[in-house]
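J.: can you look at this prediction? I've put the sequence above it.
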Amino acid sequence: MSDYGHSGAIEPFATGLFNAWGIGDADRNDGLLLLVSRFDRELRIEVGAGYGSTLNAPIQRIIDDVIVPQFKRDAYADGIAAGVDAVIAHVTGNIEPQSFVEKVGEKARAFIVFVIAGVVSILILAVNLGRKFYRRLRRNAPRNCPVDGSRLRKYLEETEDEQLSSGQIAEEHLASVDHDVWFCTKCDHIEIESYKAFFTKFGACRECGYNTVTGKSHVIRHATYSSSGLRETYYNCRHCHAGYSVISTIPQKTRSSSSGSRGGGRSSGGGASGSW
Ligand SMILES: [Zn+2]
Ligand SMILES: [Zn+2]
């Protein structure tokens, strides 16, 4: 979850994700989200606001008795499949897949979203792991000196600071950008390669240009259905200590064209969580 800039409990993260995706029908609020944060060893099943608290206890039992035992032995696919089946069985009363398929429509739609949400979460995780792995491979690939063609060597993290600027060192400390320093053993050629973190709260500073700035924003004027709003963001640089504010526009609100359309469902935080 820290990869996505979240620290703390899984519950607010799940509620935020649920509402950002608008899972479930907007009128019935019958969506369900299974969120597995593999490396935090935490999971949550978040339910749409339409269920109130009626599902909390049964879903907690499914997490504790069906999913977590599988996760404890690293059988994530089995745990997710068995957990999804158990939730479907509980909410629809249907256990046989055939009768489930026949009843596709009203209730089943929610579970299809539920399954898709799980798959999407796993896909996002897989894509990120793949990107990280690929980047690590490329980062450490051998490279040659552009001056004399001899093999470059990389400074250790502990000793590279003497080659970096104060701004680059600040970026390293804030983990917004990682720098590799390569040097030639024959001549004094030095190459600095910079890798920006995929997920960081630090952006580029308007004054010094380093990725050492964080922003805090507040709404000056809320957007309505007839006019746009205004937001002011105060930026503060941890490197050059510049402080400045930027005013931006909040887009005008729009009403969804058809009621009862897919998506737009909300959660008010109901559900259950587990860890392993
Ligand atoms: Zn060289
Ligand atoms: Zn700055």
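T.: Arrived safely, thanks for sending. Ligands and ions are numbered 1, 2, ... in the order given.
J.: only C-alpha atoms from now on, for both contacts and neighbour counts.
T.: Will do.
J.: what about residue 35, which helix or strand?
T.: Residue 35 is part of strand 32-37 when elements are defined by DSSP states H and E.
J.: and residue 233, by the same measure?
T.: Going by DSSP H and E, residue 233 is part of strand 229-237.
J.: next SSE downstream of that strand?
T.: Next along the chain from strand 229-237, counting by DSSP H and E, comes strand 243-250.
J.: put the alpha carbons of that next one into PDB.
T.: What follows is strand 243-250, C-alpha atoms only, in PDB (Å, rounded to 0.1, in the frame of the first residue of the first chain):
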ATOM      1  CA  GLY A 243       7.500  28.100  -0.500                       C
ATOM      2  CA  TYR A 244       4.900  29.100  -3.100                       C
ATOM      3  CA  SER A 245       1.300  28.500  -3.900                       C
ATOM      4  CA  VAL A 246      -0.500  27.600  -7.100                       C
ATOM      5  CA  ILE A 247      -4.200  28.100  -7.900                       C
ATOM      6  CA  SER A 248      -5.900  25.500 -10.000                       C
ATOM      7  CA  THR A 249      -9.400  24.900 -11.400                       C
ATOM      8  CA  ILE A 250     -11.700  22.200 -10.100                       C
END
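J.: ok but residue 182 is inside a strand, no?
T.: Yes - per DSSP: H, G, I helix; E, B strand; the rest coil, residue 182 lies within a strand segment.
J.: which ones are touching it?
T.: 152, 153, 154, 155, 190, 191, 192, 193 (C-alpha atoms under 8 Å, 6 or more residues apart in numbering).
J.: Serialize these to CSV and add fields for neighbour count and distance to ligand 2.
T.: CSV is the format used below for the contacts of residue 182 (neighbours: other C-alpha atoms under 10 Å; distance: C-alpha to the ion, whole Å):
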residue, neighbour count, distance to ligand 2
152, 20, 31
153, 18, 31
154, 17, 28
155, 14, 26
190, 15, 25
191, 16, 23
192, 13, 20
193, 10, 20
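J.: let's have those residues in CSV, adding secondary structure and pLDDT.
T.: Converted to CSV, these look like this (DSSP: H, G, I helix; E, B strand; the rest coil; pLDDT from 0 to 100):
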residue, secondary structure, pLDDT
152, strand, 94
153, strand, 93
154, strand, 92
155, coil, 90
190, strand, 93
191, strand, 93
192, strand, 93
193, strand, 92
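J.: give me the distance between residue 140 and residue 134.
T.: 10 Å (C-alpha to C-alpha, to the nearest Å).
J.: give me the residue from the stretch 1-150 of the chain nearest ligand 2.
T.: residue 5 (21.1 Å; C-alpha to the ion).
J.: wait, what's in contact with that residue?
T.: Taking C-alpha under 8 Å, 6+ apart as the test, what residue 5 contacts is 199, 200, 201.
J.: and of the contacts of residue 182, the nearest to residue 162?
T.: When the contacts of residue 182 are ranked by distance to residue 162 (C-alpha to C-alpha), residue 155 comes first, at 10.2 Å.
J.: grab the nearest non-local neighbour of the closest one.
T.: residue 181 (5.6 Å; C-alpha to C-alpha, 6 or more residues apart in numbering).
J.: do the same with residue 245
T.: residue 234 is the one closest to residue 245 (C-alpha to C-alpha, 6+ apart), at 4.3 Å.
J.: partner residues bridging that neighbour?
T.: In this entry, residue 234 is beta-bridged to residue 216, residue 245, by DSSP bridges.
J.: my read: it touches residue 217, true?
T.: Yes - counting by C-alpha atoms under 8 Å, residue 234 touches residue 217, with 6.1 Å between them.
J.: ok, now how distant is residue 13 from ligand 1?
T.: 49 Å (C-alpha to the ion, to the nearest Å).
J.: can I assume that residue sits in a strand?
T.: No - looking at residue 13 with three-state DSSP, it is helix, so not inside a strand.
J.: please name the nearest non-neighbouring residue to it.
T.: Per C-alpha to C-alpha, 6+ apart, closest to residue 13 is residue 6, 7.1 Å.
J.: helix, strand or coil: sort out that neighbour for me.
T.: Looking at residue 6 with three-state DSSP, the answer is coil.
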